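J.: Just a sequence and a predicted model for now, questions to come.
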Amino acid sequence: MAKPSTPLRPGLDEKTLAHSHAASMGAPAHALHSAHDENPNLQHHFFSMDQQLEASILGMWVFLVTEVMFFGGLFMAYIVYRTMYPTAWVESSHELNVILGGINTGVLIVSSFTMAMAVRSAQTGSRNGQIFNLIGTMILGSTFLVIKYFEYAAKFTHHLVPGPHFQAPAGMEAIGNQMQIFFALYFIMTGIHAAHMVIGIVLMAVILVMAWRGKFGPHYYTPVEVGGLYWHFVDIVWIFLFPLLYLLGFHGGPGA
Amino acid sequence: MATVPQQENHSYLGAPYGLAAWLLTKDHKRIAILYLISITIFFAVGGMFAAGIRLELTTPQGDLWSPDMYNKLFTLHGVVMIFFFLIPSIPAVLGNFMLPIMIGAKDLAFPRINLLSWYIYVVGAIITLAAVFAGGLDTGWTFYTPYSSISSETAVTTAALGVFVTGFSSILTGLNFIVTVHRMRAPGMTWFRLPLFVWAQYATSLVMILGTPVIAITVLLVAAERALHLGIFDPKLGGDPVLFQHLFWFYSHPAVYIMILPGMGVMSELVAAVSRKQVFGYGFVAFSSLAIAILGFLVWGHHLFVSSQSIYAGLVFSIITMLVAVPSAVKTFNWAATMYKGSVTWESPTYWVLGFMGLFTIGGLTGLFLATMGLDIHLTDTYFVVAHFHYIMVGGAIMAYMGGLHFYWPKMTGKMFSEAGAKASAILVFVGFNFTFFPQFLLGYLGMPRRYHAYPAEPIWQVLNVLSSAGASILALGYLLPAFYFTYSLFKGKAAPANPWGATGLEWQVPSPPPTFNFDEDPVVNEPAYHYKPRHEVHVNG
C-alpha cells in the first residue's frame, strides 16, 4: 500500500468533532463521549455504562421474546387439543392437585417480590438487602421445585405419566388416549418451566456471589437487573400455566 | 494517520497467534472466520450428498444406491445444507464480520455470546454428524410425522437434538445483531443512513428470534414422542400429525427468508458499488426487508394445500403468499433501476450480481405458480418445487453469498484474489446452475415426484435428468474454483488496499484487514449511505 489509510470522516476535522452535531442527527447521545467511562465494569466495546446497561436490558428482552415463542409452540398444541378434546381436558385437569399448584403460585409471586427488592437494593447499594433478597428468592424458587417434585411423584404412583405405564383413571378408559396427550403436554410444559427455574436459581447463585463481594451499587447493577427480568418472566409463564392446566372446569363448561 | 507497518501490527489477524487465541477469541471478525471455515466444510459435505443424488438419477433404474440409502442421501443433503450451511452462511460470516464495522461499532453488543453461538453451532453439528453415523436419517429434512415419530428406524432423535441445539446458535446471532443495531451505532449513523445490508440483517434477525424457538420446541416434541410414545402426533392415539406440519412450517417457511434476506442485503451493497450510484429508492428497499420478514410469518399454510387444510385457509394463505412477491419485486426493480445509467464496471462482483438477479427472478416468479392453489395441487412434491426453491436458495442465497465473499474477501483477509478466476467461477456457476435446475422445472411439470430414486425409462425423463446431472458437475467446478484462488490469494495474493472497489461506507475506510477494535478513532457519520461521486472523483485508495 502506497498511501496511508483514508481518514475515517472525510471532511470532518477535530473541530467539527468537538462541536458534535449528534442532536441534529438523532444519534445515541451516549456514543459521543470520546473518552471512555472510568468504571472498571465497562467492557471495551461500549462507550459508557448507560450504553452497556441499555444493551444488556434490550438483550434480555429480546431473549425473552424468543422464550415466549418457545412456550408459544406448546401453548399452540395445548389450544388445538383442548379444542378437540374438551372433556378429556377437564377430566385430566381434575387429576391435578389444585392446592399444591395454588401454593406454588403464591410462592412464585412472593419470589418475584423479593427479586424486585433485590434489584432495588442493588440500585441503592444496600449490600445486606441484596444478599437477604437474593437468598430469599433462591429459597422460594427451591420451595417451588420441592412442591413440584411431590406433585410429579403423585402422578407416577397414579400411573398418569404418559408412556408405556400410562393408565387412565377408572371410568375414563374411553378417553384415555386423549388424557395421555393432556398429561404429555402437562409434563413437557411444567418440566420445561421447572428447567427454567433451575437455571434461574443458578443465575441467582452467581449474582449472589457478586453481591457478596460488593460488586453492585448505583453505578453498576446490570446483572441483577437483567437476572430479575428473567426471573419475572419465568414467574409469568407459571401464571399462565396454572389456570390453563389446573383450573379447567371450575366455572361450568363440559364436565364441570 | 497510521502508516503501513503499524497497520500490519494491529490487524485483527496479527498477534496473538495460536489456536487458543482463535478458539477463545471474542473478536467478531475472528469468529466470522471460524464460521467461514466451519460452514465451508458443511457446504462440501452437503455437496457430496447432492452428488450422490444426481449420480443415481442419471439412469432410470435405482441401480446405484438402495432405496433406503437414497432416502438418507437426500435427507442429509437437505439437513446439512439448510441448517449448517445456508442459515448461518451470510449472517454468521459476512454479517458477523461486517455489521459492527458498517455501523461504526467496535464489536457486537455481546462478544461472549457471539463466541458461544459458534460453539453451539459446532456442538449441534457434531450431534447431527453422529446421527449420520448412527444409522443416518431418512425422514427428509422436514421430519414429517407420523413417519418420523413412529415408523422411521433411523437416528431421528439424535438428528432432532442436533437441529434443536443448532437453533440456539441462530437465535443468539439474531439477538446479538438486533441489540447491536439498536444500541451500538456510531454518532450520526441514523437508521436511514444504515447500509441496506444492515437493514436486511436486522429483518433476518427478527425472523431468527421469532421463528427458531418454534422449530426448537417442535423437534423436541418429535423426540419426546419417539422416546415415550406420547401420542401427540400419532393419529392412532388421538394426536394430529398435521399439527406438526403447522408448527414445522411456522418456522421453516420464515427460515427461507432467513436464507434469502441477507442475500438481498448483500446485493444492495454490491449493486450500488458496481454501479457507482446511490441505491434507487433506499427507503423502499429498506422497508421491503421488514415487509418480507413480516409477511413471511403469515404464509406457512401454502405448504399444506394438500394436507387436509381447509380450502378457505388455503385461499388466505395463497393470497398472502402472492403478496410476498410485492416487496421482492420492489427490491429487484430497484436494483435494476440502480444499475440503469449507473457507471457499471465489469469487475468480478458484477458477475455475481447479474447472476443473482436473473436466477432470483426466475425463482421468485415460479413461486407464484406454486402459490396458486389449483396449480399447486398438480405440482406439489414434484421436481417443479425442487427447482423453484433451488433457484431461490442456490441461485439466490448462495449466489449472493459468493458475491459477498468475493466483494469482502480483500477486507477480511487483506489479500486480492484472481479476478479472472472469480469471473470464470461466476460464469461456471451460472451456466451449471441453469443446466442443473431448469430441466427440473420441466420434469416436475411432467409429473416426476421429488425424493424418488427411480423413474420410468422414457427417453424424455432420462434426457432431462442427465442434463441436470451434467449441469451439476459444471456447478461443482464453479464452486471448487474459488477454493483454489482464494487459498492461493492468502499466500501469494497482492496486498489489498483499504477500498479496492471504490465503494462507500465505514467498512471501506478502515484498513484491510481491519484493526482488532475496527477503528483507530471513534467514527462519526455525516453523510447518507451510498454517497457515490462521479467516477472521475472517486478516490481508490492504494
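T.: Yes, it's here.
J.: hey, let's count contacts and neighbours off CA atoms from now on
T.: Noted.
J.: what's the helix or strand where residue B:213 lies packed up against?
T.: Here residue B:213 sits within helix B:196-228, counting by DSSP states H and E. Of the remaining helices and strands, those touching helix B:196-228 by 3 or more CA pairs under 8 Å, 6 or more residues apart in numbering or on different chains; DSSP states H and E are helix A:49-84, helix B:156-183, helix B:241-275, helix B:282-296.
J.: make it 10 Å
T.: With contacts taken as 3 or more CA pairs under 10 Å, 6 or more residues apart in numbering or on different chains; DSSP states H and E, helix B:196-228 sits against helix A:49-84, helix A:176-212, helix B:96-102, helix B:156-183, helix B:241-275, helix B:282-296.
J.: Near residue A:170, how many other residues are there?
T.: 7 (other CA atoms under 10 Å in any protein chain shown).
J.: just the one 4 residues further on next, same as before
T.: For residue A:174, the tally of surrounding residues (other CA under 10 Å) stands at 10.
J.: got it, and residue B:355?
T.: Here the number of neighbours of residue B:355 (other CA under 10 Å) works out to 21.
J.: any idea how far whichever residue of the stretch 1-150 of chain A sits closest to chain B is from residue A:193?
T.: Relative to chain B, the nearest point of the stretch 1-150 of chain A is residue A:70 (4.5 Å; CA to the nearest CA). Counting by CA to CA, to the nearest Å, the separation of residue A:70 from residue A:193 is 11 Å.
J.: Of these two, which one has the most company?
T.: Comparing residue A:70 with residue A:193 by neighbour count (other CA under 10 Å), the higher total belongs to residue A:70, at 21 against 18.
J.: Next one, pLDDT for the spatially closest residue to that one that is not a sequence neighbour please.
T.: Leaving out its chain neighbours, the residue that sits closest to residue A:70 by CA to CA, 6 or more residues apart in numbering or on different chains is residue B:213, at 4.5 Å. We note a pLDDT of 96 for residue B:213 in this prediction.
J.: Go ahead and confirm residue B:213 touches residue A:72.
T.: Yes. If you go by CA atoms under 10 Å, residue B:213 and residue A:72 touch, sitting 8.8 Å apart.
J.: tell me, what's touching those two both at once?
T.: Taking CA atoms under 10 Å, 6 or more residues apart in numbering or on different chains as the contact rule, residue B:213 and residue A:72 both touch residue A:66.
J.: These two - which one has more neighbours?
T.: Neighbours per residue, other CA under 10 Å: of residue B:213 and residue A:72, the larger number sits with residue B:213, 25 against 15.
J.: Residue of the stretch 151-256 of chain A closest to chain B, please.
T.: As assessed by CA to the nearest CA, chain B sits closest to residue A:163 within the stretch 151-256 of chain A, at 5.0 Å.
J.: Give me the three-state assignment for that residue.
T.: coil (DSSP: H, G, I helix; E, B strand; the rest coil).
J.: Dihedrals phi and psi, it?
T.: Per-residue torsions, residue A:163: phi 130, psi -160 (degrees, to the nearest 10).
J.: Ok, residue B:382 next?
T.: The phi and psi values for residue B:382, taken as degrees, to the nearest 10, are phi -110, psi 180.
J.: packing partners for the host helix or strand of residue A:133?
T.: Taking DSSP H and E as the criterion, residue A:133 maps to helix A:127-157. Helix A:127-157 sits against helix A:98-124, helix A:176-212, helix A:222-246, with contacts defined as 3+ CA pairs under 10 Å, 6+ apart.
J.: and the longest one with chain B, contact?
T.: Yes. In terms of CA under 10 Å from any CA of the partner chain, part of helix A:176-212 sits within range of chain B, namely A:176, A:177, A:178, A:179, A:180, A:181, A:182, A:183, A:184, A:185, A:188.
J.: Contacts only, for residue 107.
T.: The chain I'm using is chain A. Going by CA under 10 Å, 6+ apart, residue A:107 touches A:101, A:137, A:139, A:140, A:141, A:142, A:143, A:144, A:235.
J.: other chain: chain B
T.: By CA under 10 Å, 6+ apart, residue B:107 lies in contact with A:44-46, B:26-29, B:96-101, B:114, B:180, B:184, B:516-518.
J.: Residue ranges in the stretch 51-200 of chain A under the pLDDT threshold?
T.: Regions of the stretch 51-200 of chain A meeting the criterion pLDDT under 70 are absent.
J.: And the residue of the stretch 201-350 of chain B closest to chain A?
T.: Closest point on the stretch 201-350 of chain B to chain A, by CA to the nearest CA, is residue B:213, at 4.5 Å.
J.: pretty sure residue B:435 is touching residue B:475, no?
T.: Yes. Counting by CA under 10 Å, residue B:435 does reach residue B:475; the two are 8.7 Å apart.
J.: Quickly list what's touching both of these two.
T.: Residues touching both residue B:435 and residue B:475 by CA under 10 Å, 6+ apart: B:429, B:469.
J.: I figured residue A:129 hits residue A:119, correct?
T.: Yes. The criterion here is CA under 10 Å, and residue A:129 meets it with residue A:119 at 9.3 Å.
J.: Tell me which of the two has more neighbours.
T.: More crowded of residue A:129 and residue A:119, by other CA under 10 Å: residue A:119, with 25 against 19.
J.: Okay, the more buried one and residue A:221: tell me how far apart.
T.: 8 Å.
J.: Can you pull the residues that touch both of these two?
T.: Jointly contacting residue A:119 and residue A:221 under the rule CA under 10 Å, 6+ apart are residue A:125.
J.: do you know which of the helices and strands packed on helix B:196-228 lies nearest residue A:94?
T.: Among the helices and strands packed on helix B:196-228, the nearest to residue A:94 by CA to CA is helix A:176-212 (11.1 Å).
J.: What residues of the closest one count as buried?
T.: Across helix A:176-212, burial judged by 16 or more other CA atoms under 10 Å in any protein chain shown covers A:176-190, A:193-194, A:196-198, A:200-201, A:203-204, A:207-208, A:211.
J.: so how far is it from its chain's centroid?
T.: 10 Å (CA atoms, centre = their mean, to the nearest Å).
J.: and that helix, what other elements does it pack with?
T.: In terms of contacts (3+ CA pairs under 10 Å, 6+ apart), helix A:176-212 is packed against helix A:49-84, helix A:86-94, helix A:98-124, helix A:127-157, helix A:222-246, helix B:196-228.
J.: now the ones you listed in CSV, with distance to residue B:21?
T.: Below are the helices and strands packed on helix A:176-212 laid out as CSV (distance: least, CA to CA, whole Å):
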stretch, distance to residue B:21
helix A:49-84, 25
helix A:86-94, 55
helix A:98-124, 35
helix A:127-157, 36
helix A:222-246, 27
helix B:196-228, 28
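J.: how about the ones you listed, which one is nearest residue B:148?
T.: Closest approach to residue B:148 among the helices and strands packed on helix A:176-212 is made by helix B:196-228 (7.5 Å; CA to CA).
J.: what is the orientation angle of the closest one with helix B:156-183?
T.: Calculated by axes from the mean of the first three to the mean of the last three CA atoms, to 10 degrees, helix B:196-228 forms an angle of 150 degrees with helix B:156-183.
J.: just the helices in the stretch 401-542 of chain B please.
T.: Ranges of helices in the stretch 401-542 of chain B, per DSSP state H, counting those that start in this stretch, are B:419-446, B:459-492.
J.: just these: most buried one?
T.: Comparing those by mean neighbour count (mean count of other CA atoms under 10 Å in any protein chain shown), helix B:419-446 ranks first with a mean of 21.
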